[in-house]
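Asks: Turn this into a structure:
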Amino acid sequence: MPWKECKPMDERLKFVARLLDGEKMSALCLEFGISRPTGYKIFNRYKETGLDGLKDRSRRPYHHANRLPFQVERTILKIKREYTHWGAQKIRDKLIKTYPMIAPPAKSTVHAILDRHGLVKRRKRRRHGKAQGTPLSHVQSPNHLWCADYKGEFLLGNKQYCYPLTITDYSSRYLLACEGLSTTKSEFAFAVFERTFKEYGVPGAIRTDNGVPFASPNAFFGMSRLSVWWLRLGIQIERIKPGHPEQNGRHERMHLTLKKEATKPASFNFLQQQERFDQFIEIYNNERPHQALGGQYPGELYTPSAKTYRPPDEPEYPYHDRTVRVTSCGRICIGKRKINLSRAFACQMVGIREVADKIWLVSFMDYDLGFFDEDECRVEPTQNPFIPKKL
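Replies: Below you'll find the predicted structure:
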């Protein structure tokens, strides 16, 4: 395959395949234009994770149904305030009789609207979950907060676009990872974060913007499969406000240095470019004095996290009526019924509990996601449980 047609996984696969065929490391590195340490790094990753570490698969976001018209929602709230003891079923019946020209919402939709406005009394539950979004934290110790982002794409010499995924420690400015990828889709991002967790441990929180794969704007509560995985690992999610990159200013400042010193001019292919990124990481962490650190190197201040990485245990729901695994297409299957939830929670275990007459609450870990009833085939979201409450 000509170089100009290759993607990074194609180059790595070709490189590893020829090594497995018995070709010498030195000769292959010379042909591919990379150093021997980079060649061994690629080969060792293959031996550790196999082909999964070299491939990419698409993840299309789940599009949630349109919300109820605000006029209908306002009418539901008006009925509830007039008849404070009525539940979702009576309010729905009243709506049908008073406004027969309106397409009646499902009972679970009515219940979710009441819940979003604080008009449903529910048993208080302990919450140990981590929140996403603002407010943003300011920490003084390593690994309490990491920052991640994609530096803007740029064109390599072989006419392929490169998207560098970067991860830094907030307090020490230590550059944990800089990986040149051909896409911002989630599969490569999973691999990069997993390698970083294995090497440096797990942080307390990760701050990102609202783009893919960190978030899914059209999905349930904006969650993505990557952010759901972080929650499973006990990582708090922080997201800057859209259009405010200065809220991740330390990370953006590193990107300016990265752009100047490691991307201009761009290398010919992904393997050569990654070698430059690896060299930049070493210099940035251990040779370049940082003005904001009083002239110290980030490597002098950073220490790995005490929380080591391990695959998370499956969540349990002892106080729910049943535990169900979400399908790969984002549905909850109960008998022959298929209730749409979100692909962000694909293959995750969720808990289901009946909270009113034939209205069920769906929970993930310690987060209440929404409601469904016996008629509706989708989960109607409740108030966003991932937004932290200001004290």
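Asks: Could you list the low-pLDDT ranges of this structure?
Replies: For the chain, applying pLDDT under 70 flags the ranges 1-9, 51-68, 121-135, 387-391.
Asks: The same query, at a cut-off of 50, please.
Replies: In the predicted model, the chain carries pLDDT under 50 at residues 1-5, 56-66, 124-132, 134, 389-391.
Asks: Which parts of it belong to which domain?
Replies: 3-53, 146-301, 322-381 (automatic domain parsing).
Asks: and Ser108, which of those is closest to it?
Replies: Closest approach to Ser108 among the domains of the chain (C-beta to C-beta): domain 322-381, 3.9 Å. No exception for glycine: its C-beta is placed from N, CA and C like everyone else's.
Asks: Okay, now the closest one: how far is its last residue from its first?
Replies: Chord length of domain 322-381, first to last residue, is 19 Å (C-alpha to C-alpha, to the nearest Å).
Asks: Run the chain-centre distance for it.
Replies: Offset of domain 322-381 from its chain centre (C-alpha atoms, centre = their mean, to the nearest Å): 20 Å.
Asks: Also stretch 211-225?
Replies: Centre-to-centre, stretch 211-225 and its host chain are 7 Å apart (C-alpha atoms, centre = their mean).
Asks: Flag every buried residue along that stretch.
Replies: Buried residues in stretch 211-225, counted by 16 or more other C-beta atoms under 10 Å: 212-216, 219-225.
Asks: Which of these sits closest to Pro385?
Replies: Closest to Pro385 out of the buried residues of stretch 211-225 is Phe221 (7.6 Å), distances taken as C-beta to C-beta.
Asks: distance of that closest one from Thr382?
Replies: For Phe221, the distance to Thr382 (C-beta to C-beta, to the nearest Å) stands at 10 Å.
Asks: shared neighbours of the two, which are they?
Replies: Leu369 (C-beta atoms under 8 Å, 6 or more residues apart in numbering).
Asks: Can you dump the C-alpha atoms of whichever helix or strand Gly299 is part of in CSV for me?
Replies: Of the helices and strands defined by DSSP states H and E, Gly299 is found in helix 298-301. The C-alpha trace of helix 298-301 is given here as CSV (Å, rounded to 0.1, in the frame of the first residue of the first chain):
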residue,chain,number,x,y,z
PRO,A,298,7.3,19.0,35.6
GLY,A,299,9.2,15.7,36.1
GLU,A,300,10.6,17.0,39.4
LEU,A,301,7.1,17.6,40.8
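Asks: ok, and what's touching that helix?
Replies: 142, 169, 171-175, 284-286, 290, 293.
Asks: And those residues, which of them are buried?
Replies: 142, 169, 171-175, 284-285, 290.
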